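Peer 1: got a structure for you, letters missing:
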């Protein structure tokens, strides 16, 4: 079954589903949460979206729960590590648990999550299943943050096929049990927030491309962020383990013993050499087809994935370049001085693993300046050393 509005993606830019997920991601970043529970996760569209950003945002633990076994098989598949996750290990651990169970039933294992996300779920619930929603989420789990999104039925007036406001009006999705107005949603949210001592903030997501300034009917999606007022209040009640854990997933991450400052610097110096040589070959290749520019600029080899580049395999850079006969007079040393943005160095996965933060990288570069090799100018590295290149 498809959602009528979601099928009209060309009407929204970015697509409505992406705007919702970005709203969720921005909210999680705002509260700097490290653990997230996707409540009614479906095929894990939200969880899988959060996986890639979790590395930089500090999310270390996620879980999803849904009732449909078939959909949960898709969720598990969507959350499994890719081959690249084993080659390019994360800097921090990430665990994901997928549970089968009803969102109306509490489980002790889900109490420790800082944030709960319930995106486009409540409208699929019958009244008897929706009734205990706040009792379980805000009352039993008591997360720091709860994010709920649901359709705003007032916005359906913009979609003629839905016949909003008539006796023949239909919902956006065949499985929707209801679609609320903004007032209905606000009243429902206020009831839960008041009862369980949460602050609430209402938001709107998604406007049609040709109606960016038309807000009389609100936004296509309405959202509410519930924020716990009492930061220290924790529910000690126990409900047992009532859901079925289908899959526990652990992503590989960098866990080598800490290296000394000298060892880290040696690897940094090696990558500086690699970047200088890559720049040299990029200039050589470019100059075959066009005159030399009056000013040299740093130019990485576009054929190399610097995010996953392995320093141990660097030699291939220097022996596989085919230099034409006309270029025999090219210098056999890299260009000096050469400016390299420090961000380019930070983009290398191995550097991030070793230094952990870009501030630490800058600190190591600053306190160990060797003017023979480089100097630092704000956020740029000025490389003074000329490295010999091989043109076999």
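Peer 2: Looks like it arrived, so ask away. The structure displayed is predicted, hence computed values, not measured ones.

Peer 1: Which parts of this structure are helices?
Peer 2: Taking DSSP state H as the test, the helices found in the chain are 16-31, 45-57, 69-79, 83-87, 127-130, 133-134, 182-195, 261-287, 315-319, 342-346, 349-355, 358-367.

Peer 1: Could you give me the buried positions within the second one?
Peer 2: Going by neighbour count (16 or more other Cβ atoms under 10 Å), the buried part of helix 45-57 is 45, 46, 47, 48, 49, 50, 51, 54, 55, 57. Every C-beta, even on glycine, is put in place using the N, C-alpha and C of the backbone.

Peer 1: So for it, mean pLDDT?
Peer 2: Confidence over helix 45-57 (mean pLDDT, whole number) is 88.

Peer 1: got the contact list for the most centrally placed residue in the chain?
Peer 2: Nearest to the centroid of the C-alpha atoms of the chain, with distances taken as Cα atoms, centre = their mean, sits residue 53, at 2.0 Å. With contacts defined as Cβ atoms under 8 Å, 6 or more residues apart in numbering, the neighbours of residue 53 are 25, 59.

Peer 1: Kindly recompute the last result at 10 Å.
Peer 2: Taking Cβ atoms under 10 Å, 6 or more residues apart in numbering as the definition of contact, the neighbours of residue 53 are 21, 22, 25, 28, 29, 59.

Peer 1: who's in contact with the fourth one?
Peer 2: I take that to be residue 28. 34, 36, 50, 53-54, 57-59, 114-115, 117, 145, 147.

Peer 1: change it to 7 Å
Peer 2: Neighbouring residues of residue 28 by Cβ atoms under 7 Å, 6 or more residues apart in numbering: 36, 57, 115.

Peer 1: for the fifth one, same thing?
Peer 2: The contact partners of residue 29, by Cβ under 7 Å, 6+ apart, come to residue 57.

Peer 1: any idea how far residue 131 is from it?
Peer 2: The span separating residue 29 from residue 131 equals 32 Å under the rule Cβ to Cβ, to the nearest Å.

Peer 1: repeat for residue 56
Peer 2: The gap separating residue 56 from residue 131 is 39 Å, by Cβ to Cβ.

Peer 1: What of residue 198?
Peer 2: Distance, residue 198 to residue 131, by Cβ to Cβ: 18 Å.

Peer 1: again with residue 264
Peer 2: With distances defined as Cβ to Cβ, the gap from residue 264 to residue 131 amounts to 57 Å.

Peer 1: So the two - more neighbours on which side?
Peer 2: Taking neighbours as other Cβ atoms under 10 Å, residue 264 and residue 131 compare with residue 264 leading, 18 against 11.

Peer 1: Hmm, the more buried one is touching residue 364, no?
Peer 2: Yes - shown here, residue 264 and residue 364 form a contact pair, counting by Cβ atoms under 7 Å, at 6.4 Å.

Peer 1: Just confirm residue 334 contacts residue 385, I think it does.
Peer 2: No - using Cβ under 7 Å, residue 334 is not in contact with residue 385; the gap is 8.2 Å.

Peer 1: which residues are in contact with both of residue 264 and residue 364?
Peer 2: Overlap between the neighbourhoods of residue 264 and residue 364 consists of residue 355, taking contacts as Cβ under 7 Å, 6+ apart.

Peer 1: Below-threshold pLDDT in the stretch 1-150 of the chain: ranges please.
Peer 2: 1-4, 6-10 (pLDDT under 70).
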